[in-house]
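Q: Need the 3D shape of this:
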Amino acid sequence: MRMAIAVDQGIFSVEDSLRGRDLLAIEDLDRDELLAVLDLADRLKALQHERVPHPLLPGRTLGMIFEKSSTRTRVSFEVGMTQLGGSALFLKGEDMQTGRGETIRDTGIVLSRYLDAIMIRARSHADVEALAEASTVPVINGLTDLHHPVQALADLQVMRERLGELEGRTLAWLGDGGDNVCRSLISSASLLGMRIVLGCPEGYLPSDAVLDGLAGEVSVTSDPREAVAAADAIATDVWVSMGQEADRDRRLTDLAGFQVNAELLAHAPDDHILLHCLPAHYGEEVTEDVLHGPTSAVWDEAENRLHSQKALLALVVP
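A: Model (predicted):
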């Protein structure tokens, strides 16, 4: 079923299957739904750059629960709701009653009475699933230990902008294959027919559950040069995420050979693009010169958090 969204005094036809739905992982979308989000994101980005108002969610309120600190997630969702004609409410996890023992189930039931949608940036994916189960409004995963679907949407948008049609293109991931961004990128890239090459050391591969059913689409190598040799896009993330600080020294040692730097990128095609979800830890997973270099798409990628999340909100919020 399709619906019409009015933007720029015109009508934009999109899939209606997302209305009222949660997005906890990219796997919650099929290919057509993913493309619908990306197509609307492109349209909304163009309208924003032209300063054309597009209040698609007038009067709606998004509650934003943050159990982890944030720059891009908070700003992009809050600004995005304002540009869509709605509002966003910042809810710091430690200031909520969940910090004093209230169950996530009870929280979801109550917040559903006040809000039109909930975005949560959480430590545990299981908690996000429990929140969604209890809520009667859409719940969007802004980051968990297992998934980062809204980051993957922004990454796909910038890859389409820079590379065009993604089917048949190659995405290389360098570093920790168990990373939440990596997991979401594997799922989303495979939906669009991309090949994925994971450059990971032993002990840092995605779980079998992530790779199940993707044989032929995902390959793994312990040689970072081999990983980037045919890559159209190269992505990485920090090696020590929030909550992994106790293992910092071991992780830095294990991943040291997988740094994205000028020497490594010399083995990639000249027209590759570089992705990083930020923040970057210079001298660890990436060097500053390449992140600010001519092949970097990182800053457009960060901007696209705003546009792709606005598209998602416009499609899921009733």
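
Q: avg pLDDT for the host helix or strand of S188?
A: Take DSSP states H and E as the rule and S188 turns out to sit in helix 180-191. Mean per-residue pLDDT for helix 180-191: 94.

Q: Against which helices or strands is that helix packed?
A: helix 31-49, helix 149-163, strand 170-174, strand 195-199, helix 208-211, strand 233-236 (3 or more C-beta pairs under 8 Å, 6 or more residues apart in numbering; DSSP states H and E). Glycine gets a C-beta too; all of them are placed from N, C-alpha and C.

Q: any idea of the mean pLDDT for the next helix or strand after the first one?
A: Sequence-wise, the next helix or strand downstream of helix 31-49 (DSSP H and E) is strand 61-66. Per-region confidence: strand 61-66 scores 97 on mean pLDDT.

Q: contact partners of strand 61-66?
A: The set of residues external to strand 61-66 that reach it, using C-beta atoms under 8 Å, 6 or more residues apart in numbering, is 73-74, 77-78, 81, 86-93, 96, 111, 114-122, 142, 313, 317.

Q: again, only using 7 Å
A: Residues outside strand 61-66 that contact it (C-beta atoms under 7 Å, 6 or more residues apart in numbering) are 74, 77-78, 81, 86-93, 111, 115-121, 313.

Q: do stretch 120-130 as well
A: 24, 65-68, 70, 73, 104-105, 131, 139, 141-147, 243.

Q: And stretch 248-265, by the same measure?
A: 174-176, 199, 201, 203-204, 224-225, 228, 234, 236, 239-240, 244, 274, 284-287, 289-290, 295.

Q: Any of the contacts of strand 61-66 buried? List them.
A: 74, 77-78, 81, 86, 88, 91, 93, 111, 115-121, 313 (16 or more other C-beta atoms under 10 Å).

Q: wouldn't L47 be in contact with L56 here?
A: No. Between L47 and L56 there is no contact under C-beta atoms under 7 Å: 10.2 Å.

Q: quick one, the stretch of helix or strand T82 belongs to and strand 61-66 angle?
A: Assigned by DSSP H and E, T82 belongs to helix 72-83. If you take axes from the mean of the first three to the mean of the last three C-alpha atoms, to 10 degrees, helix 72-83 sits at 170 degrees to strand 61-66.

Q: picking up where we left off before, and of the helices and strands packed on helix 180-191, who's closest to D300?
A: helix 149-163 (5.0 Å; C-beta to C-beta).

Q: can you list the domains in this structure?
A: Following the assignment in automatic domain parsing, the chain carries domains at 2-148+303-316, 149-301.

Q: before we move on, back to that, just to be sure, which of the contacts of strand 61-66 are found in helices?
A: Using DSSP state H, the subset of the contacts of strand 61-66 located in helices is 74, 77-78, 81, 111, 313.

Q: what's in contact with the helix holding S188?
A: Outside helix 180-191, the residues that reach it (C-beta under 7 Å, 6+ apart) are 26-27, 31, 34, 143-149, 151-152, 155-156, 171, 173, 176, 196, 206, 210, 214, 217-218, 235, 237, 277.

Q: Mean pLDDT lowest where, among the helices and strands packed on helix 180-191?
A: Taking the mean pLDDT of those, helix 208-211 comes last: a mean of 79.

Q: ok, residues contacting that helix?
A: Under C-beta under 7 Å, 6+ apart, the answer for helix 208-211 is 183, 186, 218.

Q: Cool, thanks, signing off.
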